[in-house]
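Undergrad: Below is the sequence, then the predicted model.
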Amino acid sequence: MSQRVTTVVIGAGHAGLAASHFLSERSIDHIVLERGRIANTWRRERWDSLRLLTPNWLNRLPGHPYGGPDPDGYMTAGQVADFIGDYATVTAAPVRENTTVTSVRRTDGGYQVSTGEGDLDCATVVIASGACNAPVVPECAAGVPDGITQLTPFEYRNPGSLPDGGVLVVGASASGVQIAAEVRRSGRPVVLSVGEHVRLPRTYRDRDVLWWMDATGVWAQRYDEIEDLARARRLPSPQLVGEPGTTIDLNALTGLGVEPVGRLAVIRDGAALFSGGLRNVCSLADLKMRRLLAGFDEWAGIGDDPAGFEPTRIPAVPRLRLDLRGGEITTIIWATGFRPDYRWLDVPVVDEKGRLRHDGGVVDSPGLYALGLPVLRRRRSTLLHGIEDDARFVARHLAERLTPRVVA
Ligand SMILES: Cc1cc2nc3c(=O)[nH]c(=O)nc-3n(C[C@@H](O)[C@H](O)[C@H](O)COP(=O)(O)OP(=O)(O)OC[C@H]3O[C@@H](n4cnc5c(N)ncnc54)[C@H](O)[C@@H]3O)c2cc1C
């Protein structure tokens, strides 16, 4: 027999727990279902040296600010798991761990949520199962010759766990540049394939660049005020690393000896072929960075030009072809992004690209909600400190649905 509950929240990451906090505040009975342990992704899906990009002073959950001794530091994945775990404890979130949701179906009264441990019937569901459930690997990976080790950021742990030899890192956003730098520092040759990317300095005019993002309101911009929302939702993560004062743009990487090449176009006859557009994507990233920094200056009333940023240096003739059979490369790391996984969702609300159809977290099926997706309601929606507004809104909308106003 099914258990009855008003609301089921799927996922006990920070988004699911924030939803639980606001549902409790409204006395809405609910259960949070989690396939692993609380903060599962931070325990299982991050490489050893990963630190948050957001400084500690910025990391907060509803009613739960960072209270540690190092406000300007950056948490390790283990510290994030502890921070989220503490939040679950202080909010007394009703989490059921080790319970995987295998299907969600519409019923007359709402939804049936099936798990390996039994079914639940509920009026409303909050999907907080994460935006990064699976790494995206391009189809051309099928052409990689046998004998080359292929890893995604979910499987990569540290340079010591790689076979000897050179490494091709595909993707130059936050994961790719951090992994490329770490592998290069371990002494291996590294080739980095660079497509569209977001260049940022770690520090700008003596402040963490994310201080500027926060203070100027860039991150607070609402989804319905953004001209090209689809593009904003696809924006790659910035080239940043959680080390005080350390910039990890392509100039820093080439300084370490990393070789940049263009976007990986295809793998044919055992060779990786790269686009000739490296110079263009780098010029575009330089231009966008300067525009963003100029916007910060304008906000602060500073008239000078954003100074001190050299254009990205690239080789005079970047390689267009890399033989994968010649022994130069023994490992490929696919840092080519992540996607959500809704294979368990038996409600027709997922588009052909695998994205949930929703309007600011209100999914295209009555009583179904989402949290933790890129630019869900604001640019900061996927960040720890961005969940508060979104979760408060979703809980209010959900509560209003449960108690519709009586029309006189
Ligand atoms: C590499 C990386 C670096 C990041 N760096 C930062 C940063 O510096 N600062 C910052 O603020 N944010 C950062 N983020 C963003 C980050 O905070 C994510 O947005 C966050 O992990 C998403 O939180 P969430 O609660 O929405 O999802 P998750 O943390 O992914 O939680 C979803 C939960 O749902 C569970 N789940 C999934 N499917 C099911 C199912 N079928 N049944 C039951 N449970 C299920 C999962 O086990 C998981 O615990 C980073 C993310 C990544 C991937």
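TA: Cool, the structure landed.

Undergrad: Tell me how many other residues surround residue 255.
TA: Close neighbours of residue 255, defined as other CB atoms under 10 Å, add up to 11. Where you see a C-beta, it was placed from the backbone N, CA and C, and this is true even at glycine.

Undergrad: ok, and what's touching the host helix or strand of it?
TA: Residue 255 belongs to helix 250-256 when assigned by DSSP states H and E. For helix 250-256, the external contacting residues (CB atoms under 8 Å, 6 or more residues apart in numbering) are 172, 177, 180-181, 184-185, 192, 194, 199, 239, 246, 260, 282, 310, 312-314.

Undergrad: Now find how far off-centre stretch 317-328 is within its chain.
TA: From the chain centre to the centre of stretch 317-328 is a distance of 30 Å (CA atoms, centre = their mean, to the nearest Å).

Undergrad: before we move on, what about stretch 17-24?
TA: The answer for stretch 17-24 is 21 Å, by CA atoms, centre = their mean.

Undergrad: How about stretch 228-240?
TA: Averaging C-alpha positions (CA atoms, centre = their mean) puts stretch 228-240 10 Å from its chain's average.

Undergrad: about what we covered before: which parts of the helix holding residue 255 are buried?
TA: For helix 250-256, the neighbour count (16 or more other CB atoms under 10 Å) marks 250, 251, 252, 253, 254 as buried.

Undergrad: any chance of those in TSV, with pLDDT and distance to the ligand too?
TA: Converted to TSV, those look like this (pLDDT from 0 to 100; distance: CB to the nearest ligand atom, whole Å):
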residue	pLDDT	distance to the ligand
250	98	19
251	97	22
252	97	18
253	98	18
254	98	23
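
Undergrad: export those to TSV and tack on distance to residue 373?
TA: As requested, the buried residues of helix 250-256 are exported to TSV (distance: CB to CB, whole Å):
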residue	distance to residue 373
250	29
251	33
252	31
253	30
254	34
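
Undergrad: give me the number of residues near whichever residue of the stretch 201-350 of the chain sits closest to the ligand?
TA: Among the residues of the stretch 201-350 of the chain, residue 344 lies closest to the ligand, at 4.9 Å counting by CB to the nearest ligand atom. Per other CB under 10 Å, the neighbour tally for residue 344 reads 17.

Undergrad: For whichever residue of the stretch 101-250 of the chain sits closest to the ligand, list the residues it contacts.
TA: Residue nearest to the ligand within the stretch 101-250 of the chain: residue 130 (2.5 Å; CB to the nearest ligand atom). Contacts for residue 130 (CB under 8 Å, 6+ apart) come out as 11, 13, 15, 41, 340, 372.

Undergrad: Repeat that for residue 41.
TA: 13, 130, 132.

Undergrad: In a strand, it, correct?
TA: No - with DSSP: H, G, I helix; E, B strand; the rest coil as the criterion, residue 41 is helix rather than part of a strand.
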